[in-house]
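K.L.:
okay, predicted coordinates and the sequence, questions at the end:
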Amino acid sequence: MTPPLRAAAAQVTEAAIAAVRPEALLPRRLSWRAGELLLDGRSFAAPVRPTGRIVAVGGGKAAAGMAAALAGILPGTRLSGLVSVPEGGGRSLAHVEVRETRPRAANLPTAAVVEATGSMRRLLGSLRPEDLAVVLVTGGGSALLEEPAAGVELADVIAVTRSLSAAGADIGELNLVRRAVSLVKAGGLARACTAGRLVAVVLSDVIGDPLDLIASGPCMPAGSGFGVALAILRRHAALDVAPRLTRHLEQGIIEAHPPAPGGEWTTPSGCRVSHVLLGGNATAVDAAARAAAELGYDVTARHADVALESAEAAGRRLATEAAGLIATACHDGRSRAVIEGGEAVVRLPREHGRGGRNQQTALATVEAWQRTGAAWPAGLLITSVGTDGEDGPTESAGGVVDLEVVRQLAARGIDIGRAVARCDAHPTLAAAGGLVVTGPTGTNVADVRIILARP
């Protein structure tokens with residue numbers, strides 16, 4: 001029997017998240033045999049001598065799971081390291097320290113992040129040519145791997161990140177600025193490494209999977225990008241937010257960092273660097289689509305493109321598509337589903353409420369539907385969920401809208417248009433039972449949006 005809409009949506013969402021947990025992904029690609037790291041069963045990397053050390057460092061929302069998966073395939077007696085994760089994302093591992101360095105629902109670097117990152121940089125700098133370094137790079141790593149450049153304070157980085165986020169800058173713009181003012185981004189962490197071999201294992205939260213932007217590319221060389229960073233600050237009226245940071249960009253000396261096609265390059269110290277991409281947003285979308293098909297839905301799956309879209313525009317688009325979908329389902333009696341990936345942006349007004357991009361997207365679907373004057377159908381559900389379990393400065397993963405939520409909003413006399421305009425989706429959806437709460441998921445590959453239409 002087909003489960004109710006809410007239960008079906010929860011199953012599809014969980015399938016998306018489960019598919020991108022590093023414990024599931026990493027062992028499929030990497031293994032260890034006879035002192036050698038294998039990629040897809042083939043020779044890939046090993047310490048130059050059998051006595052070499054294996055050190056794992058890194059950061060991000062999936063870093064603990066990735067470290068656990070790595071420990072599961074490597075000889076523990078030779079493995080050590082440190083990873084940086086958000087509060088609630090830690091776990092106890094025998095050979096790798098998992099350090100919780102920032103609060104939940106506060107995606108900004110802290111003094112603890114800087115301390116942990118400095119320790120990682122020094123650890124990599126203590127290695128010898130016969131050693132192997134593994135850097136774990138996951139979504140959320142930009143805030144969890146940070147050591148500001150000389151002349152730039154942590155407070156400057158935080159202020160500019162907040163300003164750009166509030167102005168609606170996307171993740172690419174944020175990371176272009178952050179990597180221009182950091183010692184460890186744009187390949188800086190890899191350049192600190194004195195091992196003979198470094199393998200960066202990556203789980204992507206950036207649409208398109210650009211290795212230089214995921215976690216701001218700690219192991220990917222890139223030009224300093226001072227001019228590009230200044231242009232982004234100028235475009236979002238943020239030049240005066242942190243004068244020291246702006247001066248650093250204006251006075252910066254451009255270093256020559258040749259591009260690294262495929263993520264393969266050699267550092268000035270002679271360390272050979274490779275990247276392994278485990279998965280990304282498309283991985284989650286495909287898994288969700290399979291789950292929906294198994295529940296009896298005719299599924300349309302869409303991988304995200306890199307086009308910038310506001311949460312409000314995404315909500316309007318989903319509402320329009322949902323109207324056509326439910327009409328078709330009622331006409332031929334076949335249940336339909338649309339699964340798509342993405343990561344919308346929110347531009348905060350001066351006087352704003354509380355929420356996140358997924359909650360804002362979900363609430364915007366209600367506003368768009370109301371404008372049509374039509375009643376919300378009993379067989380329609382729309383949800384937008386962050387795969388990391390965090391949506392903005394809240395403990396919700398996103399929002400869900402069905403007939404019951406719409407009825408509760410109406411019963412409480414809530415002005416949906418005003419709530420959307422104020423970016424106040426969290427309390428609005430909370431009052432109507434429209435929040436999706438998963439808790440920290442241990443992964444992060446951006447967002448998944450789902451439409452379910454049942455006759």
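P.N.:
Thanks, I have it. Numbers count the residues shown, from 1 in each chain.

K.L.:
may I see the buried residues of stretch 372-384?
P.N.:
376-377, 379-384 (16 or more other C-beta atoms under 10 Å). Where you see a C-beta, it was placed from the backbone N, CA and C, and this is true even at glycine.

K.L.:
sitting in helices, which of those do you find?
P.N.:
Among these, no residue falls in helices (DSSP state H).

K.L.:
which of the residues you listed fall in strands?
P.N.:
380-384 (DSSP state E).

K.L.:
pick out whichever of the buried residues of stretch 372-384 sits closest to Arg162.
P.N.:
Using C-beta to C-beta, Ser384 is the member of those that sits closest to Arg162, with 23.1 Å.

K.L.:
dump the residue contacts of that closest one.
P.N.:
Contacts for Ser384 (C-beta atoms under 8 Å, 6 or more residues apart in numbering) come out as 314, 318, 344, 357-359, 361-362, 398-399, 447-450.

K.L.:
in CSV: those, plus neighbour count, pLDDT and distance to Leu435.
P.N.:
Formatted as CSV, the contacts of Ser384 follow (neighbours: other C-beta atoms under 10 Å; pLDDT from 0 to 100; distance: C-beta to C-beta, whole Å):
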residue, neighbour count, pLDDT, distance to Leu435
Ala314, 25, 97, 18
Leu318, 26, 98, 18
Ala344, 24, 95, 17
Arg357, 26, 97, 14
Asn358, 33, 98, 10
Gln359, 34, 98, 7
Thr361, 34, 98, 13
Ala362, 32, 98, 9
Gly398, 34, 98, 8
Gly399, 33, 98, 6
Asp447, 31, 97, 15
Val448, 29, 98, 16
Arg449, 27, 98, 16
Ile450, 27, 98, 15
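
K.L.:
Thr328: which of those residues is nearest?
P.N.:
Leu318 (15.4 Å).

K.L.:
pretty sure that closest one sits against Leu452.
P.N.:
No - using C-beta atoms under 8 Å, Leu318 makes no contact with Leu452, being 11.7 Å away.

K.L.:
which neighbours do the two share?
P.N.:
Common neighbours of Leu318 and Leu452 (C-beta under 8 Å, 6+ apart) are Ile382.

K.L.:
shaky segments in the protein?
P.N.:
In the predicted model of the chain, residues 1-2, 47-48, 76-77, 223-224, 253-258 satisfy pLDDT under 70.

K.L.:
grab the longest helix from it for me.
P.N.:
Max-length helix for the chain by DSSP H is helix 311-332.

K.L.:
in the stretch 301-450 of the chain, which spans are strands?
P.N.:
Using DSSP state E, counting those that start in this stretch, the strands found in the stretch 301-450 of the chain span residues 336-342, 380-386, 398-401, 435-436, 447-453.

K.L.:
CA atoms of the third one as PDB?
P.N.:
Okay, so that is strand 398-401. What follows is strand 398-401 as a C-alpha-only set of coordinates in PDB (Å, rounded to 0.1, in the frame of the first residue of the first chain):
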ATOM      1  CA  GLY A 398      13.600  22.800   5.700                       C
ATOM      2  CA  GLY A 399       9.900  23.100   5.100                       C
ATOM      3  CA  VAL A 400       7.000  21.000   3.900                       C
ATOM      4  CA  VAL A 401       3.600  22.200   2.600                       C
END
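
K.L.:
contact partners of it?
P.N.:
With C-beta under 8 Å, 6+ apart as the test, strand 398-401 has contacts from 6, 9, 356, 358-363, 365-366, 376, 381-386, 391, 425, 429, 434-436, 447.

K.L.:
for Ala116, which of the strands of the stretch 301-450 of the chain is the nearest?
P.N.:
strand 380-386 (23.8 Å).

K.L.:
pull the CA atoms of the closest one into PDB?
P.N.:
Provided in PDB are the C-alpha atoms of strand 380-386 (Å, rounded to 0.1, in the frame of the first residue of the first chain):
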ATOM      1  CA  LEU A 380      -0.400  17.600  -3.300                       C
ATOM      2  CA  LEU A 381       2.800  18.000  -1.200                       C
ATOM      3  CA  ILE A 382       5.800  20.200  -1.800                       C
ATOM      4  CA  THR A 383       9.000  20.100   0.400                       C
ATOM      5  CA  SER A 384      12.400  21.600   0.300                       C
ATOM      6  CA  VAL A 385      15.100  20.200   2.500                       C
ATOM      7  CA  GLY A 386      18.800  20.800   3.300                       C
END
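
K.L.:
okay, angle between the longest helix of the chain and strand 447-453 too, please.
P.N.:
30 degrees (axes from the mean of the first three to the mean of the last three C-alpha atoms, to 10 degrees).

K.L.:
buried stuff in helix 311-332?
P.N.:
So, applying 16+ other C-beta under 10 Å, buried residues of helix 311-332: 311-312, 314-319, 321-323, 325-326, 329.

K.L.:
can I get stretch 239-258 as PDB, trimmed to CA atoms?
P.N.:
C-alpha atoms of stretch 239-258 as PDB (Å, rounded to 0.1, in the frame of the first residue of the first chain):
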ATOM      1  CA  LEU A 239      33.500  47.200   0.800                       C
ATOM      2  CA  ASP A 240      33.300  49.100   4.000                       C
ATOM      3  CA  VAL A 241      32.100  46.200   6.200                       C
ATOM      4  CA  ALA A 242      35.700  45.200   7.300                       C
ATOM      5  CA  PRO A 243      38.300  47.800   6.300                       C
ATOM      6  CA  ARG A 244      41.300  45.600   7.200                       C
ATOM      7  CA  LEU A 245      40.000  42.800   4.900                       C
ATOM      8  CA  THR A 246      39.400  45.300   2.100                       C
ATOM      9  CA  ARG A 247      42.900  46.700   2.500                       C
ATOM     10  CA  HIS A 248      44.300  43.200   2.300                       C
ATOM     11  CA  LEU A 249      42.600  42.700  -1.000                       C
ATOM     12  CA  GLU A 250      43.600  46.100  -2.400                       C
ATOM     13  CA  GLN A 251      47.200  45.600  -1.400                       C
ATOM     14  CA  GLY A 252      47.500  41.900  -2.100                       C
ATOM     15  CA  ILE A 253      50.300  40.500  -4.200                       C
ATOM     16  CA  ILE A 254      49.100  38.100  -6.800                       C
ATOM     17  CA  GLU A 255      50.800  34.700  -6.500                       C
ATOM     18  CA  ALA A 256      51.100  32.500  -9.500                       C
ATOM     19  CA  HIS A 257      49.200  29.200  -8.800                       C
ATOM     20  CA  PRO A 258      48.800  27.400 -12.100                       C
END
